[in-house]
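J.: how would this look folded up:
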Amino acid sequence: MSSVPSTPATPAMPAMPGRSDHSRQHRRLDPHAPLVVDTRELGRRPGSMRRLQTTVPAPDHLAIEVIGVPKGADLELDLRLESVMEGVLVSGSVIAPLVGECGRCLEPVVDEIEVEIAELFAYEDSTTRETVDDEDEVSFMVGDLLDLEPVLRDAIVVELPLTPLCSPDCPGLCADCGERLEVGAPPHDHAVVDPRWAALQSFAADAEGAPEA
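T.: Residues are numbered from 1 along each chain as shown. The predicted structure follows:
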């Protein structure tokens, strides 16, 4: 019985230089989204700079349980975009309105917050990818576009007060009846009646209200 010669194994293809073992999923950005910025006019020459002063509608989820920026509210951006070697450095301030609930008396709270941001958006082809352990910790551009929404969300949410107050000296609610206490109002208290006298008080009240014979 003749043996069939074995087919030699096909040698493994060498890895292509500069390519990872798995294809990277590139996200897409909508150039018309309010917080997506097109940097083509800025260019990539280090030192180029332009100002971005505009008002845009707030995205969703700029909030914690008790207070936050209403979706669609005006965000006032006053930013500086500067081209650097690795990407575009965005810095400046953002002012946003806040709506929430007082942590003491539960009355509505209307306020305003101003935060500072400073974020480097790295070019997709920059060497930044090779120097970071977790790419989720770095903001990357998509072509000439950068997305400000994640950066604004991080900057605003961490500055929101965990216990917002309608006023710094809000006295809160009465622990006994739940009535809202007023600053400068007369003392709000509830007489504590000994249970042994409660029946006698009830009898006295009934006696006072009974008609005379």
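J.: where do the strands sit along this structure?
T.: For the chain, the strands defined by DSSP state E cover 36-38, 49-57, 67-68, 74-83, 87-101, 108-122, 139-140, 145-147.
J.: residue 165 is nearest to which of those strands?
T.: With CB to CB, the closest approach to residue 165 among the strands of the chain belongs to strand 108-122: 7.1 Å. Every residue, glycine included, has its C-beta placed from N, CA and C.
J.: just the CA trace of that closest one, in PDB.
T.: Extracted in PDB, the C-alpha atoms of strand 108-122 (Å, rounded to 0.1, in the frame of the first residue of the first chain):
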ATOM      1  CA  PRO A 108     -36.900  74.000  43.300                       C
ATOM      2  CA  VAL A 109     -33.300  75.200  42.800                       C
ATOM      3  CA  VAL A 110     -32.200  77.300  39.800                       C
ATOM      4  CA  ASP A 111     -28.600  78.100  39.600                       C
ATOM      5  CA  GLU A 112     -25.600  78.400  37.100                       C
ATOM      6  CA  ILE A 113     -22.300  76.600  36.900                       C
ATOM      7  CA  GLU A 114     -19.100  77.600  35.200                       C
ATOM      8  CA  VAL A 115     -16.400  75.000  34.500                       C
ATOM      9  CA  GLU A 116     -12.900  75.100  33.000                       C
ATOM     10  CA  ILE A 117     -11.700  72.500  30.500                       C
ATOM     11  CA  ALA A 118      -8.300  71.700  29.100                       C
ATOM     12  CA  GLU A 119      -8.200  68.600  26.900                       C
ATOM     13  CA  LEU A 120      -5.800  67.400  24.200                       C
ATOM     14  CA  PHE A 121      -7.500  65.700  21.300                       C
ATOM     15  CA  ALA A 122      -4.900  63.600  19.700                       C
END
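J.: elements contacting that strand?
T.: Taking 3 or more CB pairs under 8 Å, 6 or more residues apart in numbering; DSSP states H and E as the contact definition, the neighbouring helices and strands of strand 108-122 are strand 87-101, strand 139-140, helix 149-157.
J.: using TSV, lay out the ones you listed together with mean neighbour count and distance to residue 113.
T.: Compiled in TSV, the helices and strands packed on strand 108-122 are given as follows (neighbours: other CB atoms under 10 Å; distance: least, CB to CB, whole Å):
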stretch	mean neighbour count	distance to residue 113
strand 87-101	18	5
strand 139-140	20	21
helix 149-157	18	7
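J.: which of these has the lowest average pLDDT?
T.: Between the helices and strands packed on strand 108-122, the one with the least mean pLDDT is strand 139-140; it has a mean of 90.
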